[in-house]
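Engineer: model the structure of this input:
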Amino acid sequence: MADNEQWFTEKCEEGGNAFGLRIKGKLHEEQSRYQKIEVYETTDWGNLMVLDGYTMVSSLDNFLYHEMMVHPALFIHPAPQRVAIIGGGDCGTLREVLKHPEVKQVTQIDIDERVTRVSEQFFPELCESNQDPRAELLFIDGIEWMQQAEAGSLDIIIVDSTDPIGPGEVLFSADFYRACQCALADGGLMIQQSESPLIHQLIIQRMYRNLHDSGFSDVKSLFFPQPIYPSGWWSATLGRKGAAIEGFREQDVAQRNFETRYYNSDIHRAAFAVPEFFRKILEPQS
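Structural biologist: You can find the predicted model right below:
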């Protein structure tokens, strides 16, 4: 919601809080087949994309989310070559995946092509790897694509999804997780954004239950700051097929041939540290 004093404000009703950014003006507005897409120019945070009134990505802080949705999982896996991204239309997650030279193929499936085209215009830095020959961008239903994926054909699945409301709710269901588990090879990992650990504890509890019920051998969450999302503290939850989520290729992190702005070995270890309150909310699931 943009007001007359030139602030964009998103209210989080379930958390009883709000987040706002001072804006210079609106750069773009359209109604796609699936959602309303807006882009604002802010005074201090660069450009801001808003989908159906909810903040999605800003120029200033998107590296926090994109790096933590990608690098922990890819460095846990011993040899991630085949990756699928469900959602991720702004292409920042795709860019981070393609920094890994061992990755041979990445398929990104987002139903709304307009999000990607708007991102190419207003967030070109996020889309700089879209033409990489290892990348395939599909604008179709990601749930159907995953259900039809060949068994054991993927090493990593990244679910860069919207909130679990409306059409996005299916992406948090046991049926969808079973399709992901089937598509993964042994030792493969799925990682999905899992909302705020402060505000959305019931959602995370349900995710753990559905992931375990879908056959994932181990489930863990990692935590990172994300200022433009409700509470400013965000999480991603991983499930692994046929193996525990433990260890990572620390030497490869130290010797990586690409730059990161947030992720490193210390951040990797710290992100998996579990706060006491979080242990308690998961006790019924253990």
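Engineer: can you give me the helices in the stretch 101-250 of the chain?
Structural biologist: With DSSP state H, counting those that start in this stretch as the criterion, the stretch 101-250 of the chain has helices at 113-122, 142-148, 174-183, 201-213, 250-254.
Engineer: could you export the shortest one as CSV, CA atoms only?
Structural biologist: Output for helix 250-254, consisting of C-alpha atoms alone and laid out as CSV, is shown next (Å, rounded to 0.1, in the frame of the first residue of the first chain):
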residue,chain,number,x,y,z
GLU,A,250,33.9,-26.5,3.7
GLN,A,251,37.1,-26.6,1.6
ASP,A,252,35.1,-26.0,-1.5
VAL,A,253,33.4,-23.0,0.1
ALA,A,254,36.8,-21.6,1.0
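Engineer: can you list the domains in the protein?
Structural biologist: 7-58, 62-285 (automatic domain parsing).
Engineer: chain center to the shortest one: distance?
Structural biologist: Relative to its parent chain, domain 7-58 has a centroid offset of 18 Å by Cα atoms, centre = their mean, to the nearest Å.
Engineer: residues contacting the helix or strand of the chain with the lowest mean pLDDT, please?
Structural biologist: When the helices and strands of the chain are scored by mean pLDDT, DSSP states H and E, helix 276-282 comes last with a mean of 87. Applying Cβ atoms under 8 Å, 6 or more residues apart in numbering, the contact partners of helix 276-282 are Pro197, Gln201, Ile204, Gln205, Tyr208, Ser221. Quick note: C-beta positions are derived from backbone N, CA and C, even for glycine.
Engineer: ok, which stretches of the stretch 1-150 of the chain are strands?
Structural biologist: Secondary structure of the stretch 1-150 of the chain (DSSP state E, counting those that start in this stretch): strands at 7-12, 17-31, 36-42, 47-51, 54-58, 82-87, 105-109, 135-138.
Engineer: want to throw these into a markdown table with mean pLDDT and mean neighbour count?
Structural biologist: A markdown table is the format used below for the strands of the stretch 1-150 of the chain (pLDDT from 0 to 100; neighbours: other Cβ atoms under 10 Å):
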| stretch | mean pLDDT | mean neighbour count |
| --- | --- | --- |
| strand 7-12 | 94 | 16 |
| strand 17-31 | 96 | 14 |
| strand 36-42 | 98 | 19 |
| strand 47-51 | 97 | 22 |
| strand 54-58 | 96 | 22 |
| strand 82-87 | 97 | 24 |
| strand 105-109 | 98 | 21 |
| strand 135-138 | 98 | 16 |
